[in-house]
Structure formats: C-alpha cells, structure tokens
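Asks: coords below, sequence missing:
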C-alpha cells in the first residue's frame with residue numbers, strides 16, 4: 001500500500017468515527033505506577049450519572065466500566081505502591097458521597113491488553129442499546145465455529 005493510500009484510509013476511518021484519537025502507550029512500571037487495581041464500586045440508587053461525572057475528572061482512574069452483577073462500576077487504577085493505592089481508594093473513591101461500597105482487587109500480572117480492537121471473526125456488529133448504563137452486547141458471526149458439538 002502506498003503512503004498516500006495509507007493516509008487516505010486513516011483519514012477516512014477518522015472521518016467515519018472508527019478512529020477516535022491517538023495516544024502514546026506508556027509502560028506503567030517504568031512510569032512509577034507498577035501497582036494496578038480493579039476497584040468495584042456500588043453506587044447509591046439514582047446517583048450513577050453524578051458518580052461517573054465525578055470520577056471522570058480524577059486522573060488516577062485509568063478507565064471506568066459500567067458492570068452487571070453485584071457492583072455498578074469497575075475502575076482501573078494505578079499507583080506507585082499498595083499504600084498509595086489504598087489511600088486513594090479509601091480517601092478519594094470511597095469518600096465520594098455517591099459511593100455505597102467498594103471492593104478492591106490487586107492485579108498480580110497484566111498478561112496482555114488488546115486495547116479497543118475486536119477479534120476479526122466477529123464481523124459486523126450492532127449495539128442493542130446505545131444509552132449509558134444499559135446492557136449492550138455484540139452479536140457474533142453466525143459462521144463462527146461453535147465449541148459445543
């Protein structure tokens with residue numbers, strides 16, 4: 001593929017909203033943030049939008065995912081040491097007025113991170129519900145082999 005074709009394709013994907021931005025990939029350990037945690041948060045009823053707005057401004061939170069089950073939100077956080085992570089979870093996250101409870105899981109090893117790419121065999125997919133907080137799922141390719149025979 002020629003350079004001009006590659007740039008044209010990237011531009012088309014950006015214009016279509018497939019590419020939403022560019023970022024440097026940082027090694028958290030070398031950046032001094034070697035402790036990774038998953039913080040599962042249960043929010044008081046009707047306070048989820050307020051909580052999500054609050055945590056979006058906290059730089060220590062790398063990502064936030066709305067979940068099903070016992071907890072409402074999973075936060076991925078990083079810190080220099082366990083004491084610092086503990087202070088952040090107890091002193092910042094748990095102290096928010098919207099928070100009912102937190103459960104913290106220490107990540108022992110990060111094996112891989114595929115980022116935002118989907119496996120190629122999923123093919124076209126459609127979101128069932130686009131509103132935040134509603135369950136969304138991806139339909140798999142009907143030609144995908146099943147592991148159950």
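Replies: Noted; the coordinates are in hand. Just so it is clear, the structure is predicted and the values come from calculations on it, not from any experiment. Numbering: from 1, shown residues only.
Asks: and the one residue sitting closest to the centre of the chain, helix, strand or coil?
Replies: Centroid check for the chain by C-alpha atoms, centre = their mean gives residue 63 as the closest residue, at 4.4 Å. At residue 63 the chain is in strand, as set by DSSP: H, G, I helix; E, B strand; the rest coil.
Asks: For residue 40, give me its contacts.
Replies: 67, 70, 71, 73, 74, 75, 102, 103, 104, 105 (C-beta atoms under 8 Å, 6 or more residues apart in numbering). From N, CA and C alone the C-beta is placed, and that goes for glycine too.
Asks: rerun at 7 Å
Replies: 71, 74, 102, 103 (C-beta atoms under 7 Å, 6 or more residues apart in numbering).
Asks: Which among those count as buried?
Replies: The neighbour-count test (16 or more other C-beta atoms under 10 Å) marks 71, 74, 102 as buried among the contacts of residue 40.
Asks: For those, please prepare JSON lines with the additional fields secondary structure and distance to residue 28.
Replies: Converted to JSON lines, the buried ones among the contacts of residue 40 look like this (DSSP: H, G, I helix; E, B strand; the rest coil; distance: C-beta to C-beta, whole Å):
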{"residue": "71", "secondary structure": "coil", "distance to residue 28": "23"}
{"residue": "74", "secondary structure": "strand", "distance to residue 28": "18"}
{"residue": "102", "secondary structure": "strand", "distance to residue 28": "21"}
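Asks: which of the residues you listed lies closest to residue 18?
Replies: For the buried ones among the contacts of residue 40, the residue nearest residue 18 by C-beta to C-beta is residue 74; the value is 25.3 Å.
Asks: which residues in this structure form helices?
Replies: For the chain, applying DSSP state H gives helices covering 3-15, 48-56, 82-88.
Asks: Buried residues in the last one, which are they?
Replies: Meaning helix 82-88. For helix 82-88, a neighbour-count test (16+ other C-beta under 10 Å) marks 85, 88 as buried.
Asks: Run the chain-centre distance for it.
Replies: 21 Å (C-alpha atoms, centre = their mean, to the nearest Å).
Asks: Show me the shaky parts of this protein.
Replies: Low-confidence segments of the chain, defined by pLDDT under 70, are located at 115-149.
Asks: how about 90 then?
Replies: 1, 17-28, 112-149 (pLDDT under 90).
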